[in-house]
Structures are given as structure tokens and as C-alpha cells.
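A.B. asks: sequence first, then the predicted structure, then my questions.
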Amino acid sequence: MRLADIARASRDIGAASARTEKVALLAELFRAADPADAPVVIMYMSGRLPQRRIGVGWNTLRERREPSPEPRLGVREVDALLTRIAAVSGKGAQGERKRLLDELLGAATEEEQLFLLRLISGELRQGALDAVAVEGLASAAGAPVADVRQAVMLSGSPAAVAEVLLSRGPSALAEFRLTVGRPVLPMLAHTAKGIDEALARTGPCALEEKLDGIRIQVHRDGDDVRVFTRTLADITDRTPEVVALVRALPVRRVVLDGELLAFDERGRPRPFQETSGRTGSTLDVAGAQTAVPLSPVFFEVLHVDGEDLLDTPAAERRALLDRLVPEAQRVRRLVVADPTDPKERAAAAAFAAEALERGQEGVVVKSLDAGYSAGRRGTSWLKVKPVHTLDLVVLGAEWGHGRRTGTLSNLHLGARAADGTFAMLGKTFKGLTDALLTWQTERLRKLTVAEETWGVTVRPELVVEIAFDGVQRSTRYPAGVTLRFARVVRYREDKLPSDADTVESVTALLP
DNA sequence: TGTGTCTGCCCC
DNA sequence: ATTCTGC
DNA sequence: GCAGAATGGGCAGACACA
């Protein structure tokens, strides 16, 4: 298949507003594709590269290249060139990557260039990614969407599903089942505001501590143990303690789902930054392990010795987990059989409070009868985390992109310092409705003291209430702290900058 | 050798 | 990660 | 309710450059 066909389809999909139309355009594209090209086509149309990372980012893409007048690139050729770019390393790598990129873009027409730039920078913005691409694929192959979606969740690979489906037809979908050694997309949770709301929504449930580490899925087949992250990256080599621990379990074949994090001597969780740093270390794993040992805490079992448990009710899965995994490696849990019973509700509230006292992030409330919905953000899992708020001062704002073009979007936030100035603590663009975006753009223009290429700096007069999940240490900001997951709640025009919260009060929230 | 910049289906 | 918006 | 878009901070690793 020619790149030109893909670039044109992407443009048409972006121009279509109705989802059904996007699906139809995708189906047309898949029907025209050679099954051998299908893996690459579906990945491109869902906005990602088969190479995962190619070492080329926004900065390298910035400069303009003269386009080719005629289309002459095929998808296989493009894929091969990107593979070569990804493989470049060592001294002079940046120059060599740039040279290969010039070669690629020089052979592309203007429309193809635009597509490649959007694809490589990760900003496809065609209003259709994974889910819509899968619908298009299903439609092209005449297969039920639910079956195709299920195959993708269980194989973790739209590419593999696309090739099999287009070459062998819908009946071949049956071979995509949970396979020990091949990760499935993890089940995710929705958010609830409080315990009571969560209990009301799930019914009979279990509360589990929500630990602040990284999500892992561990597969064991005999002595072969593999550790995967939430995005299914293989981090086995970085986590030898997980391998050793799972190898010691009294079972031959198993798939476990849990959280990996560092604890201190007293059993309290270390700051997320330490866990994150450790799981990112590859050069000296043994040294890193000594400095920051990690402990897995499991909360799900998806397979045991030949038996798949995805459709098994949560309560039964948990009973199996209890038999297989020692208590120290199982998440703490409280069953709430009858959420209407005031006593049980009180116990649930106490459990959640205790989790926070123990230094955990919050709790996850899980329906007792639910199966494991791989890759879905089901309503049977609800996370509850405390929310903090602060009154901060807007110091500046950045121009938005895409659907936010022309509006001042990303706010620079400051807290009051001892000397009466304001220290920047972070940025946020979240929580803003279109109406608020319009309002703040006008308001900030009036307060502007300097126009920059990226946006504006303003007189520090506007107070905004910001919600966030916690504070963490920062090397980027002058006060040495920043907010985690900051979002706008509302503007406080009734408040003066002198009413804003202080740097000191923010720093006091560090764990 | 040390420091700065860019990158990432990164992790959250 | 969170949030808003169109479907 | 789902899916997509628009963006946050920190971190380690890889390379460029002085």
C-alpha cells in the first residue's frame, strides 16, 4: 500500500465529524490493504509507530524539508526507513537520524509530509485512534466489533489481529486467547468522589489500598518469568526481585496483576519518584536494587495452571490469589458484602482513613461479582483519592494547540513567597471548559505585561482555585516543590493575590 | 570529564 | 495521570 | 459511557559540545 493512500485517508478522517463516517473510511482503507501491510497500516492509523521509539522528537522535526512533487513511498518502505532511524546509535547519531529523516521526508509529498510529522510527533489529531481503527478493521473483515476488540485486548496487539483477520477471516479470531507469556491490556479504574458514592455505584464490593507505584503484570511459565508495565513494556531485566519472588510461588503457570513500589524500613511507601527512578534504571540494576529495593504487591490473578480467570467473578479470583501469594505480597483488603449496612459503611470509611494514615494514595473499590475487563475502564473498579485545593496566582499562560489554538490555555501558577513575590509551582490546562478558556484568554490579555512566543506573562493579580493530588519535590521550580495533577476548580475574583496560599504551606504538604 | 539538551506506545 | 466534549 | 484531545512533572539514558 502506498503512503499516499494512508495520508489521504487520514486527512479525510480528520475532516469527517461523524464517527460512523470515520469508521467507513478506515474500513475502505483496510479493504484495499494487502494483509501483509495491515499491521503497519493499523498502527499508523491509530497514531503510533511499530518501532515504539525512534529517537526523533519535536525538535528534530521542526525544520522544513522540500516535499517531493510526486508520491513514491510505500508503507513498507517507510516502515523500513523508520526502523533504520530507530537503530541508529553512538557518536554522530543525531546527525545520522536527521539525514535519514531528510531522506524520508524528501521523498514525501506535502500531504505525506504532514501525515508523517503528525505521526512521528504523536499528534495525529484525526479524531480516531485505537478504538475507531479497530472498528474500521472489524467492518472491513465483516467481523463483530466486540470480537475484534476482545482479540486486541487479549493479544495486546492490534497489528497481529489485523494481519490474521485480513488474511484468514473472522474465524481466525478464536486463536486470540489469554496466553501465558503474552501480556493483556490491564483493567483500569474510574474515579469516584468519595467512599459512599463508590459503594453506591458498585454494590457488594471489596476495598483495596491504592498503592502509589507502577502497575505490573507478571507472567510465569515454569522458570520463565516476565514482568510488564501498564503499556506492556517488558521490564523483566530491571526487576530481578519480582522474578525471584514469583518463581518461588507454589504454581507452574500463573498471570498476576499488581503494583510495584519501594517501602522504607518501617513499611511505609517511599515517594513515587524513588520507585519511578528505580524502575527506569537499566545500566546498574544490581546497584539500583541495593539502594532502592522494590516490592510487588499483587491484587489480581488472571491465570493459574491452565485455567483462565478473566470471566471468573472477582471474589473467586481473590480466593485463588490468597492461596497462591503470601500475605506480604497481597494488597490489604476489606470486603463490604452489604454497602447499605451502616456498620459496614463505617468500616469502609475507617479502612480508607487507615490506608491514608499508612501513607497510601487512597483506595480502589471493586465490585465482587465482576470479571476482569482487560483494557477497559470498567465501572466495576472505582478509585477514591483525597483531593487538596489551594488558591494560587496566575503568573502567565501559554497559547494552546489543536482545538485550543488561539486561546491562552496552559496557566503558570504561583504561590506567595515571604518577600511578597510569587514563586512558580507548576502549570495546568485541565478543568477548563471552552467558556472558561474564552473568558480567561480575554482576562489575561488585559493583564499582560510581556508577549512571548509561547504565550504571555501577566501582572500577578488573578487568583485561581487549584485542585491537586499531592506535592512532590522539584528541581525545575524555584521553591523546590510542584503539584501533582493540578487542575482548575474555579477563578476566585473575590480574592486578592495577598489572600493566596504561601510557598511555605505548600512545602508543608511534602510526604 | 562534566554539563546541557532532547527524548520517551516513559511512569504517574 | 485529569478533564472536557462530541457522539 | 466511550473515545479522543490537550496537556502536567520527574526520571534515566543517550548524545552533543565545551
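C.D. replies: Everything's here; your move.
A.B. asks: the host helix or strand of A:Val246 and DNA strand D in contact?
C.D. replies: Using DSSP states H and E, A:Val246 falls within helix A:240-247. No - applying CB under 7 Å from any atom of the strand, one finds helix A:240-247 separated from DNA strand D by no less than 14.3 Å. All C-beta atoms are positioned from the backbone trio N, CA, C, and that covers glycine.
A.B. asks: enumerate the residues of chain A near DNA strand B.
C.D. replies: By CB under 7 Å from any atom of the strand, the residues of chain A that approach DNA strand B are A:48, A:52-61, A:122, A:156-157, A:212-215, A:229-233, A:235, A:272, A:276, A:279-280.
A.B. asks: what's the PyMOL line that selects buried ones from these?
C.D. replies: Filtering those down to the buried ones (16 or more other CB atoms under 10 Å) takes a single PyMOL command:
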select buried, chain A and resi 48+54+56+60+61+156+157+212+213+214+229+235+272+279
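A.B. asks: tell me which of the residues of chain A next to DNA strand B fall in strands.
C.D. replies: Applying DSSP state E to the residues of chain A next to DNA strand B, the entries found in strands are A:Ile214, A:Arg215.
A.B. asks: among the residues of chain A next to DNA strand B, name the ones in helices.
C.D. replies: Under the assignment DSSP state H, the residues of chain A next to DNA strand B contribute A:Trp58, A:Asn59, A:Thr60, A:Leu61, A:Phe272, A:Ser276, A:Thr279, A:Gly280 to helices.
A.B. asks: how about the residues of chain A near DNA strand C?
C.D. replies: Contact residues, chain A versus DNA strand C (CB under 7 Å from any atom of the strand): A:17-20, A:188, A:191, A:215, A:230, A:383, A:385, A:430-435, A:467, A:469, A:485, A:487.
A.B. asks: repeat the analysis, applying 6 Å as the threshold.
C.D. replies: Residues of chain A lying close to DNA strand C by CB under 6 Å from any atom of the strand are A:17-19, A:191, A:230, A:430-434, A:467, A:485, A:487.
A.B. asks: between those residues, which is nearest A:Glu110?
C.D. replies: Distance to A:Glu110 across these (CB to CB) is lowest for A:Ser17, with 24.1 Å.
A.B. asks: what is the neighbour count of that closest one?
C.D. replies: 8 (other CB atoms under 10 Å).
A.B. asks: how about A:Thr448?
C.D. replies: Counted with other CB under 10 Å, the neighbours of A:Thr448 add up to 16.
A.B. asks: which residues touch it?
C.D. replies: Applying CB atoms under 8 Å, 6 or more residues apart in numbering to A:Thr448 gives the contacts A:Val456, A:Thr457, A:Val458.
A.B. asks: checking A:Thr475 next. Helix, strand or coil?
C.D. replies: Recorded secondary structure, A:Thr475: coil (DSSP: H, G, I helix; E, B strand; the rest coil).
A.B. asks: so how far is DNA strand C from it?
C.D. replies: A:Thr475 is 20 Å from DNA strand C, where distance means CB to the nearest atom of the strand, to the nearest Å.
A.B. asks: and for A:Gly95?
C.D. replies: A:Gly95 is 32 Å from DNA strand C, by CB to the nearest atom of the strand.
A.B. asks: hang on, that residue in a helix?
C.D. replies: Yes - assessed by three-state DSSP, A:Gly95 belongs to a helix.
A.B. asks: residue farthest from the centroid of chain A?
C.D. replies: Centroid-distance maximum for chain A: A:Asp419 at 39.3 Å, with CA atoms, centre = their mean.
A.B. asks: following the chain past the helix holding A:Val246, name the next helix or strand.
C.D. replies: As assigned by DSSP H and E, the chain's next helix or strand after helix A:240-247 is strand A:253-261.
A.B. asks: for that following strand, which helices and strands make contact with it?
C.D. replies: Using 3 or more CB pairs under 8 Å, 6 or more residues apart in numbering; DSSP states H and E, the elements in contact with strand A:253-261 are strand A:214-221, helix A:240-247, helix A:272-280, strand A:295-304.
A.B. asks: count the neighbours of the residue nearest to A:Val254 when sequence neighbours are not counted for me.
C.D. replies: Distances taken as CB to CB, 6 or more residues apart in numbering put A:Arg220 closest to A:Val254, at 5.0 Å, once the chain neighbours are dropped. By other CB under 10 Å, the residues close to A:Arg220 number 22.
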